[in-house]
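Chemist: have a look at this prediction, sequence included:
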Amino acid sequence: MSYVGGQVTGDSGRVPVTPGDQVTITVTSDVADEVHLHGYDLSAPVGPDTMSTLTFQASISGVFEVELEELGTLLFTLQVG
Ligand SMILES: [Cu+2]
């Protein structure tokens, strides 16, 4: 996932994952912000010099938004199960 020039690029739709799988989300951005995965409530800083990486076990089923927290920009939606 990338956020460049005010635009989200990459697979910005709904991304399915299998429950129980280990999932890694990497996000790059040309502005400083925080990547927030709802439901799991995980977050990590992102910015011009910082690639954001979230690694977790997909243990909660449902549909969860991944967003740039401060901008309130939806990056994509994670679908578990
Ligand atoms: Cu959030």
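Modeler: Sure thing, it's come through.
Chemist: what's the closest non-adjacent residue to V46?
Modeler: S52 (3.7 Å; CB to CB, 6 or more residues apart in numbering). Glycine gets a C-beta too; all of them are placed from N, C-alpha and C.
Chemist: so how many other residues sit close to the residue lying closest to V4 once chain neighbours are set aside?
Modeler: Setting aside the residues directly before and after it, V4 is nearest to D30 in space (CB to CB, 6+ apart), at 5.1 Å. Look at D30: counted by other CB atoms under 10 Å, it has 12 neighbours.
Chemist: need the pLDDT of D30.
Modeler: pLDDT for D30: 96.
Chemist: please look at it and G5 and confirm they touch.
Modeler: Yes. Counting by CB atoms under 8 Å, D30 does reach G5; the two are 6.9 Å apart.
Chemist: tell me the spacing between the residue nearest to V46 and the ion.
Modeler: S52 sits 13 Å away from the ion, going by CB to the ion, to the nearest Å.
Chemist: what bridges to the nearest residue to L68 once chain neighbours are set aside?
Modeler: Spatial nearest neighbour of L68, excluding adjacent residues (CB to CB, 6+ apart): D33 at 4.4 Å. Using DSSP bridges, the bridge partners assigned to D33 are V46.
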